[in-house]
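A.B. asks: quick one, what's the 3D model for this:
(chains A, B, C and D)
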Number of protein chains: 2
Amino acid sequence: MIDELREGYSEIFEAPLLQEISEVGIFKEVSEGHKFIEIGDYVRSMPLLISGAIKILREDGEGDELLLYFLERGDTCAMTMTCCMGQKKSEIRAIAELDTKLIMIPVQKMEEWTGKYKSWRNFVFKSYHNRFNELLETIDSIAFLRMDERLLKYLRDKVKVTNDMIVQNTHQEIAYELNTSRVVISRLLKQLEKLGKIELQRNRIKVISL
Amino acid sequence: MIDELREGYSEIFEAPLLQEISEVGIFKEVSEGHKFIEIGDYVRSMPLLISGAIKILREDGEGDELLLYFLERGDTCAMTMTCCMGQKKSEIRAIAELDTKLIMIPVQKMEEWTGKYKSWRNFVFKSYHNRFNELLETIDSIAFLRMDERLLKYLRDKVKVTNDMIVQNTHQEIAYELNTSRVVISRLLKQLEKLGKIELQRNRIKVISL
DNA sequence: CTTCTTCAGCAACTTATGTTACATAACAAA
DNA sequence: TTTGTTATGTAACATAAGTTGCTGAAGAAG
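C.D. replies: Predicted structure coming up:
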């Protein structure tokens, strides 16, 4: 585990902290599509992402879903962090977007390290900052953009996170994540295809240029 | 200042911290309607709210605005906090909703206290948690609710924050904060009046029951 | 009082988005 | 191959929201 930890975090954390992480952290692999935090769960440890990607989703009472953002290497889930510390239920759902490796840090250590290591504090604050900005970006999208622009942004983000010009999703899945209906997504995707930006196939979208 | 500080924070902070705050904090009064953080500003101190209320707004490139949430007594602006720490520009605008008293904490102390006082750490983490949840609530509103429901929520929040059944706003002002048009707000308010929930007057809305 | 400005009401219309219903295509399983 | 299932395409329609243009009312200023 120590090697994989160094890959992403040796620049960020001081040596004694890296040592402690490797002692108490629990290495975990999550395969694509696996849900590992559900809304309402009590979360007792905080994830450090080593590789892969995780999507964070919000849901209302009626089962309407909305993609908030993706976590990638070097990220942590700030909301999980605040949940742990406050012994609160999770407000979000986390699903592996790709096969993902992570290190789980027990909540007691988080608290301890915040007093003890400056690099940990910086990491935590930086994470909060990043996550706030991602939430603001999500708000911008739904408040200020039309569905066609949101769809474009969705495809761009997806390509970036998966590092793959082929988006492996059905129209229905995209519709869920943008909280709209399948027909609307099909319609807008067809427009994008006519503009030459994508190519539609069954279960996949080939991105040409966005 | 020390008296006003005790009002809201003596339960939360340990005595030596209260002492430090009263030594380095700068007392500030902001009158209703005054903008004291603008998007793009570098913020060098963090506000602790003593009394009053502050509204936090987001804006896109074209001048479209959106109300994110209100801060009240005992709150702090988590986003300002992350901005200070990271030396980043503010992503939001802050305007006093009421006449407001606050204590400004210099950024160096924030960092120092995070290592030094457990009660400060708890406060900071709790603030992050609360602000995340408010952002999520905002996202819920714009993603899952129709405009009539968002308007209702707006009126409820306003009544709560101002502690006044009279909402002192023009339809145009409400339209800005919900990022829609004046005509739409007028239309929906008229519906609410017909339902007996409010009474419309010039420049003000009398709330009957929501 | 008269005049001017701002605010609110309202009708008619456009547009974006959501819904329903059905047809066909792609693929999998038998 | 035949059959069944899931994904996609598309038309026709419904609704929420946004737009334009105009009206009169409320209040401020003269």
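A.B. asks: for the closest residue to DNA strand D within chain A, which non-adjacent residue is closest in space?
C.D. replies: Per Cβ to the nearest atom of the strand, A:Thr170 is where chain A lies closest to DNA strand D, at 3.3 Å. Where you see a C-beta, it was placed from the backbone N, CA and C, and this is true even at glycine. In space, and not counting its chain neighbours, A:Thr170 is closest to A:Asn203: 5.8 Å by Cβ to Cβ, 6 or more residues apart in numbering or on different chains.
A.B. asks: so who does the one you found touch?
C.D. replies: For A:Asn203, the contact set (Cβ atoms under 8 Å, 6 or more residues apart in numbering or on different chains) comprises A:168-170.
A.B. asks: which one of the residues you listed has the most neighbours?
C.D. replies: Using other Cβ atoms under 10 Å in any protein chain shown as the neighbour test, the contacts of A:Asn203 are led by A:Asn169, with 18 neighbours.
A.B. asks: distance check, the closest residue to it other than its chain neighbours against B:Leu68.
C.D. replies: In this structure, A:Asn169 finds its nearest non-sequential neighbour in A:Ile205, 7.0 Å apart by Cβ to Cβ, 6+ apart. Applying Cβ to Cβ, to the nearest Å, the value for A:Ile205 to B:Leu68 is 33 Å.
A.B. asks: residue ranges of each domain in chain A, please.
C.D. replies: A:2-143, A:146-207 (automatic domain parsing).
A.B. asks: the first one - what's its average pLDDT?
C.D. replies: In this case it means domain A:2-143. Domain A:2-143 shows a mean pLDDT of 93.
A.B. asks: and it, anywhere near DNA strand D?
C.D. replies: No. Domain A:2-143 is not in contact with DNA strand D by Cβ under 7 Å from any atom of the strand; minimum separation 9.3 Å.
A.B. asks: and that domain, end to end?
C.D. replies: With Cα to Cα, to the nearest Å applied, domain A:2-143 spans 43 Å between its terminal residues.
A.B. asks: now swap in stretch A:101-111 and tell me
C.D. replies: End-to-end distance for stretch A:101-111: 23 Å, by Cα to Cα.
A.B. asks: same deal with stretch A:23-35?
C.D. replies: Rule used - Cα to Cα; the end-to-end distance of stretch A:23-35 is 26 Å.
A.B. asks: residues contacting A:Ala53?
C.D. replies: Contacts of A:Ala53 by Cβ under 8 Å, 6+ apart are A:70-72, A:96-98, A:100, A:161-162.
A.B. asks: try it again with 10 Å
C.D. replies: When contacts are counted by Cβ atoms under 10 Å, 6 or more residues apart in numbering or on different chains, A:Ala53 touches A:32, A:70-73, A:75, A:96-100, A:158, A:160-163.
A.B. asks: what is the nearest of those residues to A:Gly115?
C.D. replies: A:Asp75 (23.0 Å; Cβ to Cβ).
A.B. asks: max-length helix in chain A?
C.D. replies: Secondary structure assigned by DSSP state H gives helix A:118-144 as the longest helix of chain A.
A.B. asks: what about the next helix or strand after that one, average pLDDT?
C.D. replies: Sequence-wise, the next helix or strand downstream of helix A:118-144 (DSSP states H and E) is helix A:147-162. Averaged over helix A:147-162, pLDDT sits at 98.
A.B. asks: mind checking the SS state of the residue nearest to A:Lys35 when sequence neighbours are not counted?
C.D. replies: Distances taken as Cβ to Cβ, 6+ apart put A:Ile95 closest to A:Lys35, at 4.8 Å, once the chain neighbours are dropped. A:Ile95 carries the three-state label strand when classified by DSSP: H, G, I helix; E, B strand; the rest coil.
A.B. asks: what about A:Ile95, how many neighbours?
C.D. replies: 18.
A.B. asks: shouldn't A:Lys28 be within a strand?
C.D. replies: Yes. Per three-state DSSP, A:Lys28 lies within a strand segment.
A.B. asks: contacts only, for it.
C.D. replies: Counting by Cβ under 10 Å, 6+ apart, A:Lys28 has contacts A:36, A:45, A:47, A:50, A:100-104.
A.B. asks: one more time with 7 Å, if that's ok
C.D. replies: With contact taken as Cβ atoms under 7 Å, 6 or more residues apart in numbering or on different chains, A:Lys28 is in contact with A:102, A:104.
A.B. asks: one more: A:Ile54?
C.D. replies: Contact analysis of A:Ile54 by Cβ under 7 Å, 6+ apart lists A:70-71, A:94-97, A:100.
A.B. asks: check contacts around the nearest residue to A:Ala53 once chain neighbours are set aside.
C.D. replies: Distances taken as Cβ to Cβ, 6+ apart put A:Glu97 closest to A:Ala53, at 4.3 Å, once the chain neighbours are dropped. A:Glu97 makes contact with A:32, A:53-55, A:70, A:161 under the criterion Cβ under 7 Å, 6+ apart.
A.B. asks: which element is the residue most central in space within chain A on?
C.D. replies: Central residue of chain A (Cα atoms, centre = their mean): A:Phe70, 2.5 Å from the mean position. Assessed by DSSP H and E, A:Phe70 sits inside strand A:65-71.
A.B. asks: orientation of the helix or strand just after that strand relative to strand A:65-71 in degrees?
C.D. replies: For strand A:65-71, the following helix or strand on the C-terminal side (DSSP H and E) is helix A:78-86. Calculated by axes from the mean of the first three to the mean of the last three Cα atoms, to 10 degrees, helix A:78-86 forms an angle of 90 degrees with strand A:65-71.
A.B. asks: what's helix A:78-86 packed up against?
C.D. replies: With contacts taken as 3 or more Cβ pairs under 7 Å, 6 or more residues apart in numbering or on different chains; DSSP states H and E, helix A:78-86 sits against strand A:45-51, helix A:107-116, helix A:118-144, helix B:118-144.
A.B. asks: now the ones you listed as JSON lines including distance to B:Glu193 and mean neighbour count?
C.D. replies: What follows is the helices and strands packed on helix A:78-86, written out as JSON lines (distance: least, Cβ to Cβ, whole Å; neighbours: other Cβ atoms under 10 Å in any protein chain shown):
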{"stretch": "strand A:45-51", "distance to B:Glu193": "49", "mean neighbour count": "21"}
{"stretch": "helix A:107-116", "distance to B:Glu193": "50", "mean neighbour count": "16"}
{"stretch": "helix A:118-144", "distance to B:Glu193": "26", "mean neighbour count": "20"}
{"stretch": "helix B:118-144", "distance to B:Glu193": "22", "mean neighbour count": "20"}
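A.B. asks: up against chain B, what does chain A have?
C.D. replies: A:58, A:60, A:64, A:66, A:79, A:82, A:85-86, A:88, A:91, A:114-115, A:121, A:125-126, A:128-129, A:132-133, A:135-136, A:138-140, A:142-144, A:179 (Cβ under 7 Å from any Cβ of the partner chain).
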